[in-house]
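Participant: What follows is a predicted protein model with its sequence.
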Amino acid sequence: MENKNSTPDKPEATTALAYKRVPDEQFFEDYANNVVMEPNAWDLKLIFGKIDFAKGANTVVQHSALTLPWSQVKVGIYLLQFHLAVYEKLYGKVTVPKGVINPPIPPTEDQQKENPHSRKIFEALQELFRRFSEANPEAF
């Protein structure tokens, strides 16, 4: 029986749900309530951990890291926003506790001399912070 929806020279479109998930033997799943980010020119390393007050005040035990290329970071941001929007439509607004997010710090004169883009970077960060704080006033 011929499939009339596809042609040999044009592959069928796939979606995120169309592929088969097969975990590697080293695959593991864990919980993280802390993430540290280490950016560089090529990619972004995400280091995951859990807050553990039993080990001391403000102690985070790091358990894994994942490095993503910048294009995947950009796609990931979109997909995280997508899933957050769906979740909030179904279950209500996710609130952010006070004191978790701090405003961006303006660059010092030395930083501005060292990096001519630091002022524009700060302005972009201010805009991100403004949008975040308007959408999450409970956090401030």
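Facilitator: Great, that's in hand. Note that this is a predicted model, so its numbers are computed, not measured.
Participant: Could you list the low-confidence segments of the chain?
Facilitator: Filtered on pLDDT under 70, the chain yields the residue ranges 1-17.
Participant: the longest helix in it is where?
Facilitator: If you go by DSSP state H, the chain has its longest helix at helix 70-91.
Participant: Past that one, which element shows up next along the chain?
Facilitator: With elements assigned by DSSP states H and E, the helix or strand that comes after helix 70-91 is helix 109-114.
Participant: quick one: contacts of the following helix or strand past that next one?
Facilitator: Proceeding N to C from helix 109-114, the next assigned helix or strand is helix 118-135, under DSSP H and E. With C-beta atoms under 8 Å, 6 or more residues apart in numbering as the test, helix 118-135 has contacts from 101, 103-104, 106-107, 111-112, 115, 139-140. C-beta coordinates here come from the backbone N, C-alpha and C atoms, glycine included.
Participant: Run the chain-centre distance for the longest helix of the chain.
Facilitator: 9 Å (C-alpha atoms, centre = their mean, to the nearest Å).
Participant: Closest to the centroid, which residue in the chain?
Facilitator: With distances taken as C-alpha atoms, centre = their mean, Ile77 lies nearest the centre of the chain, 5.4 Å away.
Participant: What separation do you get for that one and His83?
Facilitator: For Ile77, the distance to His83 equals 11 Å [C-beta to C-beta, to the nearest Å].
Participant: Then Arg119?
Facilitator: 34 Å.
Participant: can you check Tyr91 too?
Facilitator: According to C-beta to C-beta, Tyr91 stands 12 Å off from His83.
Participant: Touching both of those two, which residues are there?
Facilitator: When C-beta under 8 Å, 6+ apart defines a contact, no residue borders Tyr91 and His83 alike.
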